[in-house]
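*Asks:* Fold the stuff below for me.
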Amino acid sequence: MKQAVKQSTLVRILNIGSIFFLVAIGLAFFFNARCTTIIEDANEQRYELMQYANQYIKGSSNLTNAVRGYASTGEQIFYDAYMRELEQEKNREKGMEGLRRIGMTSDEEKIIQNMSNLSNTLVDSEKSAISLAKAGRQALAIEYVYGTTYNNVYGQIHALQREFLDALDIRSKARVQKLEGILHILNVVVYVMILLIIAMQISNQYWIHRKVIRPVQMIQNEMREIATGNLSSVFEMEPDTSEIGMLVADIHHTKDVLKEYVGDISRILTGMAHGDMDLHTDIVYHGDFQPIMEALNTILDSLNQTLSRLNGAATQVSMNAEQLSNGSQGLAHGATEQADAVDALSNSVIELSVEASDGWQHAVDTCKSLETITTEIMDSNEEMGKMLEAMSDISDRSKQIHKIIKNIEDIAFQTNILALNAAIEAARAGTAGKGFAVVAEEVRSLAATTSEAVQNTTNLIEASVTAVANGREIADSTASLLGSAAAKTESVVHTVEGIVNSYQSLSNQFSEIAASVDQISGVVQDNTATAEESAAAAEELNAQAEQLRGLAGTFRLRQ
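*Replies:* Residues are numbered from 1 along each chain as shown. As a prediction, this is how the structure comes out:
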């Protein structure tokens, strides 16, 4: 088997390389940030050094300017400024303290010391100038602070100040530039690491796709072919010592084993299809395929036993079929004679059933007519009841009208009395009441007419009430007669229904007898047909038994 690097080892190497470069980038970023912080601190120290140096120079300048101003003018403000700088502000001392706290080189310390020594040499001249200025001797005072000696020393101090500032600037600038160079190198390292990681990831993807993904896809396609039953497909991958290579070897072995199983099963089934039952499995089936081997051997054993028994049974069936044919022919002859007798009996029963059915139909028609008459009488009786209710309602309404007319009579009577009183009052009024007397007369006349009309209406209503009462008596009598007729008709209907039920029962009995006779006739005919078919089937069975013996003889069975 070909030697190859394992996919797990390759992936582990690529991942370890990526992790290494990631850690290196992280450290580079850390040192980058640290270096940036150091640069910021260096710039801050540079700024502070310059500040403290300027403070130191400022203190010297303040003293010189104050003493010269006092020597030139004698004004107290310059003397106060000199003393304030010397005793309170002390810029030189503070600047020196700050410079030493931050740190200076030995050369820078030497320059500061020289400036301090030169400044001390000027102290006596400044004190003498101040004393002379206090005494009012301005010219001598000016000579002390503006003279050649003072100016030479002051110039040397300024030269040392410039030298000190230049030295500080060069040193701090050089440190910052050095740190910036280191930072630049770290940035280059980070960029190189990033490029290496990108290259590593590209290589990782390339090798994973080539060594893992593409082989897995090819294996997937091959397994899909195997799943569909295609064991003859060409699998181009070769086995090797890697994990996927071992899997490829297993797939090749699986295909070989499956082909061997399928070939053996196909050989056995082909032999069985050609009648060869003296077969055995040539290979050993393993695992879940072992039940297939056992099933094949069991099938072969069962078929050998079954075909052997079938050959002996075919001979026995042929002999029994001949005997069955002779018995079936005799049975068919007797069943034919029984069928003729049953047919005659069936015809007689059918005639009686038809006559009973006709009588039942006439009785049913009569019953339906009586039911129609009964329904009409009941409907008439209901309508008569409705008419009685209507007449009763008319009688009640007439009584209510009578009450209303009574009220109208009372109103007419009261109106007549009012008209009479009005006429009397009009007569008392004399000429002024003539018009009112005429109206009262008309009202009396209208009341009399109303009373007469009410009387006539009362007479008519009383006559209507009397007529309604007579009509109600006649309707009650008619309703009673209709009820009696309906009861008698219903009794006749019940009687006819009894006759119908009797005819129906008789017809049903004849129908059941006819059905039983038909069933007997059918059974006899079936027996006849069955006997004839049995005879024919026995002859056919004898022929098929001989044919079966011939077919069983074509199989090659085990000894």
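
*Asks:* Now do the strands in the protein.
*Replies:* Taking DSSP state E, the chain contains no strands at all.

*Asks:* okay, now N32: neighbour count?
*Replies:* Using other CB atoms under 10 Å, N32 has 18 neighbouring residues. Where C-beta positions appear, they are placed from N, C-alpha and C, glycine not excepted.

*Asks:* mind checking pLDDT for the closest residue to it other than its chain neighbours?
*Replies:* Counting by CB to CB, 6 or more residues apart in numbering, L186 is the residue found nearest to N32 once chain neighbours are left out, at 4.6 Å. Looking at L186, its pLDDT stands at 80.

*Asks:* Equivalent analysis for the one 4 residues further on, please.
*Replies:* Each residue has a pLDDT score; the one for V190 is 81.

*Asks:* same question, Q544
*Replies:* On the pLDDT scale, Q544 gets 75.

*Asks:* what do you get for the one 5 residues further on?
*Replies:* Per-residue confidence at R549 stands at 66 (pLDDT).

*Asks:* where do the helices sit along the stretch 351-500 of the chain?
*Replies:* Under the criterion DSSP state H, counting those that start in this stretch, helices of the stretch 351-500 of the chain are mapped to 434-553.

*Asks:* try the stretch 151-300 of the chain
*Replies:* 214-227, 243-273, 290-429.

*Asks:* right, and G98 touches N54 too?
*Replies:* No: with contacts defined as CB atoms under 8 Å, G98 does not count as touching N54, sitting 10.6 Å away.

*Asks:* what's the distance between the residue nearest to N32 and T449?
*Replies:* Applying CB to CB, to the nearest Å, the value for L186 to T449 is 139 Å.

*Asks:* out of those two, which sits in the busier spot?
*Replies:* Taking other CB under 10 Å, L186 and T449 do not tie; L186 has more neighbours (20 against 11).

*Asks:* Now for that one: which residues touch it?
*Replies:* Counting by CB atoms under 8 Å, 6 or more residues apart in numbering, L186 makes contact with A28, F31, N32, C35.

*Asks:* most neighbours, which of those?
*Replies:* A28 (21 neighbours).

*Asks:* which ones are touching that residue?
*Replies:* Contacts of A28 by CB under 8 Å, 6+ apart are L186, V189, V190, M193.

*Asks:* Find me the pLDDT at it, would you?
*Replies:* 72.

*Asks:* what's the closest non-adjacent residue to it?
*Replies:* V190 (4.6 Å).

*Asks:* my read: that neighbour touches A33, true?
*Replies:* No: V190 lies out of contact with A33 (CB under 8 Å); the separation is 11.2 Å.

*Asks:* okay, those two: which has more neighbours?
*Replies:* V190 (18 against 12).

*Asks:* list the contacts for that one?
*Replies:* Applying CB under 8 Å, 6+ apart to V190 gives the contacts I25, A28, F29, N32.

*Asks:* Dump the contacts of A28 into CSV; add distance to N114 as well.
*Replies:* Formatted as CSV, those follow (distance: CB to CB, whole Å):
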residue, distance to N114
L186, 41
V189, 45
V190, 47
M193, 51
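
*Asks:* quick one: which two of these are the most distant?
*Replies:* The most widely separated members of those, counting by CB to CB, are L186 and M193 (10.3 Å).

*Asks:* quick revisit: how far away is the residue nearest to A28 from E93?
*Replies:* From V190 to E93 the distance is 47 Å (CB to CB).

*Asks:* Kindly report the same for D393.
*Replies:* 140 Å.

*Asks:* Same check on H280?
*Replies:* In terms of CB to CB, H280 sits 119 Å off from E93.

*Asks:* So if I had to pick from those two, which one is more boxed in?
*Replies:* E93 (13 against 9).

*Asks:* quick one: contacts for that one?
*Replies:* E93 neighbours (CB under 8 Å, 6+ apart): G59.

*Asks:* how about stretch 171-182 as CSV, C-alpha atoms only?
*Replies:* Provided in CSV are the C-alpha atoms of stretch 171-182 (Å, rounded to 0.1, in the frame of the first residue of the first chain):
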residue,chain,number,x,y,z
ARG,A,171,19.5,63.0,23.3
SER,A,172,15.6,62.9,23.6
LYS,A,173,15.3,63.1,19.8
ALA,A,174,17.7,60.2,19.3
ARG,A,175,15.8,58.1,21.8
VAL,A,176,12.5,58.8,20.2
GLN,A,177,13.9,58.0,16.7
LYS,A,178,15.4,54.8,18.0
LEU,A,179,12.0,53.7,19.5
GLU,A,180,10.3,54.8,16.3
GLY,A,181,12.7,52.6,14.3
ILE,A,182,11.8,49.6,16.6
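
*Asks:* got the contact list for it?
*Replies:* Looking at what lies outside stretch 171-182 - CB under 8 Å, 6+ apart - the contacts are C35, I38, I39, A42, N43, Q45, R46, L49, M50, T105, E108.

*Asks:* quick one: the fifth one from T36, how far?
*Replies:* Put plainly, it is N43. 11 Å.

*Asks:* count of neighbours near the residue nearest to V11 when sequence neighbours are not counted?
*Replies:* Once flanking residues are discounted, V11 sits nearest to I208: 6.8 Å by CB to CB, 6+ apart. Neighbours of I208 under the rule other CB under 10 Å: 15.

*Asks:* State the distance from I208 to Q220.
*Replies:* Distance from I208 to Q220, by CB to CB: 16 Å.

*Asks:* number of nearby residues for L418?
*Replies:* 14.

*Asks:* Which pLDDT value belongs to it?
*Replies:* 72.

*Asks:* Also A552?
*Replies:* The predicted local confidence for A552 is 63.

*Asks:* repeat for I77
*Replies:* For I77, pLDDT reads 90.

*Asks:* With the one 3 residues further on instead?
*Replies:* On pLDDT, D80 comes in at 88.

*Asks:* and it, how far is that from T9?
*Replies:* If you go by CB to CB, the gap between D80 and T9 works out to 87 Å.

*Asks:* likewise M237?
*Replies:* 19 Å.

*Asks:* what's the answer for D169, then?
*Replies:* The value you get for D169 to T9, if CB to CB is used, is 59 Å.

*Asks:* Over to Q525?
*Replies:* Relative to T9, and taking CB to CB, Q525 is found at 92 Å.
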